[in-house]
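Would you be able to build a 3D model of this:
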Amino acid sequence: MKNFRWGILGTGGIAKAFVDDLARVEGHEVVAVGSRTLSKAEEFAKDISTATSYGSYEGLVSDPNVDAIYVATPHPSHEEHTMLALNAGKPVLCEKPFAVSAMQTEAMINCAKENNVALLEAMWTRYLPHIAVVREILASGILGKIETVEADHGQRLADQNIVRLVDPHLAGGALLDLGIYPVSFAHLVLGAPSRITARAVMTDRGVDAQTSAIFDYANGAQAIINTTMIAQTPCRAVVSGLLGRLEIDRTFYNPTAMRVVLYNGTTTEYPNNYLGHGLREQATEMARVVGAGALESPLMPWSETLSVMQTMDQIRDQIGLVYPFEN
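Sure, this is the predicted structure:
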């Protein structure tokens, strides 16, 4: 069988991490790299012998040798670049956050439908081996009725001169970049909340430095999430049920260790034996979806991507996080 051939759209840090992790799995290769300038594309691809460099995204998506495009540009460009690829007939794996809003998300999904081309959100956590075990644990009922989910994601980034995180024109702030992880995790466990209560600390440039939210569910469960770009937090997640709890160690959205601690005192450990970053599983799933002639993945279906973004919109509305390009 021939390799699944990737085109990389965008040449930032996450694209480099994706390509590096892709080298750990057989059956995949990078055959094209696109950037806004040819020099950037060539610099990114200098150690990738199989890759053709393009100085435009249009050139990249037109390459007949590319089986799928990995979109790794900044958040506000996801809609434009994803639809560029989809309209060229290329399946897309789009980095998280999938888009800036639910409206953009719907437009991207509709574009995939119209072109009959696969589209996946690169919420890489959803595809990881330890999350597959989390799904099994939840489905088994061993924890009993889930009452509480707690998840946090905080990194000391605000003072690190990372322009995209602090600039409102680049959809900066903690919520979209970091908060997407605990929000998506709460959705994985409990689904979409019936009510959201959110508060934030805003920067002097009008993006959120720290955001916390409580999700209420019709069955009485709650999720408590926090995200901050001011300080490094434990980055753990806990799912607590009537019969026990699941503790996911730092960093919960990465391959990591975890354990089930039951009310009767029994503890089951799940050690972390994973090697690599963890970005390759989403690539493997993309190849499977395309090979099956499907348009979306059951691990992160369009309905889930849209639901998560609708929650993000509600949080943004409550904390007053509005980007200049939305006006």
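
Please make it C-alpha for all contacts and neighbour counts, starting now.
OK.

Just the strands from the stretch 51-200 of the chain, written as ranges.
All strands of the stretch 51-200 of the chain, identified by DSSP state E, counting those that start in this stretch, fall at 52-54, 68-71, 92-95, 119-122, 146-154, 195-202.

From the rest of the structure, what touches the fourth one?
Around strand 119-122, the neighbours that count as contacts under Cα atoms under 8 Å, 6 or more residues apart in numbering are 91-96, 98, 109, 112, 282, 286, 295-297, 300-302, 305.

any chance of the strands of the stretch 51-200 of the chain in a markdown table, with mean neighbour count, distance to Ala45 and mean pLDDT too?
Formatted as a markdown table, the strands of the stretch 51-200 of the chain follow (neighbours: other Cα atoms under 10 Å; distance: least, Cα to Cα, whole Å; pLDDT from 0 to 100):
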| stretch | mean neighbour count | distance to Ala45 | mean pLDDT |
| --- | --- | --- | --- |
| strand 52-54 | 22 | 7 | 97 |
| strand 68-71 | 27 | 14 | 98 |
| strand 92-95 | 25 | 19 | 98 |
| strand 119-122 | 27 | 21 | 98 |
| strand 146-154 | 23 | 32 | 98 |
| strand 195-202 | 17 | 38 | 98 |
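
will you turn these into TSV that also has distance to Ile319?
Shown next, in TSV, are the strands of the stretch 51-200 of the chain (distance: least, Cα to Cα, whole Å):
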stretch	distance to Ile319
strand 52-54	40
strand 68-71	28
strand 92-95	24
strand 119-122	25
strand 146-154	18
strand 195-202	6
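
right, and those strands - which one's nearest Asp20?
strand 68-71 (13.5 Å; Cα to Cα).

To Lys46, which of the strands of the stretch 51-200 of the chain lies closest?
Here strand 52-54 is closest among these (Cα to Cα), at 9.2 Å.

Off-centre distance for that closest one?
From the chain centre to the centre of strand 52-54 is a distance of 26 Å (Cα atoms, centre = their mean, to the nearest Å).

Give me the pLDDT for Asn161.
Model confidence at Asn161, given as pLDDT, is 89.

and it, how many neighbours?
For Asn161, the neighbour count with other Cα atoms under 10 Å is 9.

Over to the one 3 residues further on?
Applying the criterion other Cα under 10 Å, we find 15 residues in the vicinity of Arg164.
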